[in-house]
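Enquirer: no sequence for this one, just the structure:
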């Protein structure tokens, strides 16, 4: 039996992950298009019917794209062309979705070209004619007060869109917010066949960065490691969706500050024996994102392993991860999970801070927000959005521990990708339970 291109590429991808090799660009393109076709055929009809929307219209102009429209474009399109309008219509009765492109150019092979400028007049007129012909009950556009990813239609496009509609059709226009968020947050089987390989690539790169291949105690600076990460990413023909950061906690009187750790680039520091290093690093591949944080310990000349008190601090952060992920239940809001988890962690003697976010097509993705580092009492609106199955999260949090040996409090800051299914939360490529060790001599 002949294997499909998707299966072949998945096999290659799994091998590639272990060898820190990624697919050639042509193969990536084919895989992206195959995943998109699967999502349009098997996922989107379910979501549209779940949310009660029978027509979804996405409108963008070149270089000012709706972030959702970009997830519908073929892999060889790096932006919209002129004004690109996609119309997705559900005819009901179990029939396949109609995928139409009211655009000057053919939009790949999945959307049928539905406008001929020479014979069908202006673009807006053609769109109005299609809407009247299909006679949808609810016409969804990407407008949202609170969710930026679902607010992609520009003011100009919105006004021109409304101006060309009849009075009756204007009454049927609704926000696509619930459908837009569902489309972005839901991961399919085909995506999950390749996503763990990407997470594994991130782990491999971090492991190399936190080794003596890169770090020489008393010589290498945190900025040296940061730029090694950038160069390594590009050498592998990948991209970073944010600039990495590497920081140090050590036996000193300097206290941990969230503002400095998350909002400012720390001053360059030279790595010393006895340092606890931290990295925040993310990749983009096959339109998916990673966002990972791990720690390394720089051994002193007389040490073979990290001190027990640092191992205990890491174990406490792992315990916080367990408490937190066990509270994921379909229908629970991010704020409910945050409140339960903090209460349980504090009762067990853990000082928690939880700031987890969805991940997928965007690093800070669509879906429920489960705390922010400066909003530990809950996040309005974003935190009230309920959890759905088959969604991916960047399990991001920290646990504070006071170290008498250092006479200071430290934070173990961890972040790992996980998928939430009917079986619960599972890490895509494991999580850090042991510190990376870097020799000093």
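Expert: Happy to help now that I have it. The model shown is predicted, which means the values in this text are computed figures rather than measured ones.
Enquirer: what's around residue 74, how many residues?
Expert: 16 (other C-beta atoms under 10 Å). Heads up, the C-betas are built off the backbone N, CA and C, glycines and all.
Enquirer: what's it in contact with, if anything?
Expert: Counting by C-beta atoms under 8 Å, 6 or more residues apart in numbering, residue 74 makes contact with 33, 36, 107-110.
Enquirer: May I see the ChimeraX selection of the buried members of these?
Expert: Restricted to buried positions by 16 or more other C-beta atoms under 10 Å, the ChimeraX selection for the contacts of residue 74 reads:
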select :33,36,107,108,110
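Enquirer: As JSON lines, the contacts of residue 74 with secondary structure, distance to residue 24 and pLDDT would be great.
Expert: Output for the contacts of residue 74, formatted as JSON lines (DSSP: H, G, I helix; E, B strand; the rest coil; distance: C-beta to C-beta, whole Å; pLDDT from 0 to 100):
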{"residue": "33", "secondary structure": "helix", "distance to residue 24": "15", "pLDDT": "95"}
{"residue": "36", "secondary structure": "helix", "distance to residue 24": "19", "pLDDT": "96"}
{"residue": "107", "secondary structure": "coil", "distance to residue 24": "24", "pLDDT": "80"}
{"residue": "108", "secondary structure": "coil", "distance to residue 24": "20", "pLDDT": "77"}
{"residue": "109", "secondary structure": "coil", "distance to residue 24": "21", "pLDDT": "84"}
{"residue": "110", "secondary structure": "coil", "distance to residue 24": "23", "pLDDT": "89"}
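Enquirer: Closest one to residue 242 out of the contacts of residue 74, please.
Expert: Distance to residue 242 across these (C-beta to C-beta) is lowest for residue 36, with 24.5 Å.
Enquirer: That closest one: what's it in contact with?
Expert: Going by C-beta under 8 Å, 6+ apart, the list of residues near residue 36 reads 71-72, 74-75, 110.
Enquirer: From those residues, pick the one nearest residue 417.
Expert: After measuring the contacts of residue 36 against residue 417 - C-beta to C-beta - the closest member comes out as residue 71, at 18.5 Å.
Enquirer: between the contacts of residue 36, which is closest to residue 44?
Expert: Of all those, residue 44 sits closest to residue 72, with 9.5 Å by C-beta to C-beta.
Enquirer: Can you give me the pLDDT of that closest one?
Expert: Predicted confidence (pLDDT) for residue 72: 94.
Enquirer: how far away is it from residue 38?
Expert: Using C-beta to C-beta, to the nearest Å, residue 72 is found at 13 Å from residue 38.
Enquirer: Compare those two and say which one has the larger neighbour count.
Expert: Between residue 72 and residue 38, residue 72 has the larger neighbour count (other C-beta under 10 Å), namely 25 against 15.
Enquirer: show me what contacts the more buried one?
Expert: 36, 40, 58, 86, 111.
Enquirer: Check the gap between the first one and residue 190 for me.
Expert: If you measure residue 36 against residue 190 using C-beta to C-beta, the figure is 10 Å.
Enquirer: where exactly do the helices run in the chain?
Expert: 5-18, 25-38, 44-51, 117-120, 123-134, 155-164, 167-170, 177-185, 189-209, 222-235, 258-263, 308-325, 334-347 (DSSP state H).
Enquirer: Residue 319: how many residues sit nearby?
Expert: 16.
Enquirer: circling back to that earlier point, mean neighbour count, the helices of the chain: which tops it?
Expert: Most buried of the helices of the chain by mean neighbour count (mean count of other C-beta atoms under 10 Å) is helix 177-185; its value is a mean of 23.
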